[in-house]
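In: Sequence and predicted structure below; questions after.
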Amino acid sequence: MAPNKAKSGATRAVPQLSGVQLKVQAARLGQAVPSLAAAYAQALARWLGDPVLRLAGRPIITECYRSPERQDELYKQGRSKPGPVVTYKRGGESKHNTLPSKALDVAFILADGEVSWSGLLLSKFARLMKAADARVRWGGDWPKFKDWPHFEV
């Protein structure tokens, strides 16, 4: 397939994953409960099948299962460690802390190789996830703390 051209005439590449990255993605998806894994797989297929969305970036799972120890480390962020608060759940309280996991986090690989947590891209992907399975809940829909990358069942 020929590269797409932007209005400026510059070529925009479709983001691709290496073989190793694809294996990592499969391993992470394998950590999810079957209903969540199926919803993600369906949403990903729809995303990659749409030429406009595919150019925007490629969805990737950044985390699925998370140990209670890792959860506690993330809980410290914005409290006893520098950085913004990223979770209100301590180790053992998160849907990430079960195996198989009832939650996964998503980001996007952009054409230049950068990773993005764009709220716009995540909201578009959330629509596909929720269409794939009505039981999927998206952290971007939560009334207080918006956890944009988070999807759970």
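Out: Sure thing, it's come through. Note that the structure is predicted; figures quoted are calculated from it, not measured. Numbers count the residues shown, from 1 in each chain.
In: in the chain, which spans are strands?
Out: Applying DSSP state E to the chain gives strands spanning 4-5, 11-12, 58-63, 103-109, 115-116, 137-138, 150-152.
In: what comes into contact with the longest one?
Out: Applying Cβ atoms under 8 Å, 6 or more residues apart in numbering, the contact partners of strand 103-109 are 15, 17, 28-29, 31-32, 36, 40, 56-64, 94-96, 115-118, 121-122, 125, 149-153. (Glycine included, C-beta is placed from N, CA and C.)
In: Output that strand as PDB, nothing but the C-alphas.
Out: Output of strand 103-109 as PDB, limited to C-alpha atoms (Å, rounded to 0.1, in the frame of the first residue of the first chain):
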ATOM      1  CA  ALA A 103      -8.600  -4.200  33.400                       C
ATOM      2  CA  LEU A 104      -6.200  -3.000  30.800                       C
ATOM      3  CA  ASP A 105      -4.600   0.300  29.900                       C
ATOM      4  CA  VAL A 106      -4.200   1.600  26.400                       C
ATOM      5  CA  ALA A 107      -2.000   4.200  24.700                       C
ATOM      6  CA  PHE A 108      -1.100   4.800  21.000                       C
ATOM      7  CA  ILE A 109       2.100   4.400  19.000                       C
END
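In: which residues does residue 75 contact?
Out: Contacts of residue 75 by Cβ under 8 Å, 6+ apart are 87-91.
In: 10 Å - rerun?
Out: 81, 85-91, 93-94 (Cβ atoms under 10 Å, 6 or more residues apart in numbering).
In: What of residue 93?
Out: When contacts are counted by Cβ under 10 Å, 6+ apart, residue 93 touches 68, 71-72, 75, 87.
In: And the pLDDT at it?
Out: For residue 93, the model assigns a pLDDT of 97.
In: before we move on, the earlier item: please spell out the PyMOL selection for the buried subset of the contacts of strand 103-109.
Out: Burial among the contacts of strand 103-109 is assessed by 16 or more other Cβ atoms under 10 Å; the matching PyMOL selection reads:
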select buried, resi 15+28+29+31+32+36+40+56+57+58+59+60+61+63+64+94+95+96+121+122+125+149+150+151+152+153
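In: With that, I have no additional questions.
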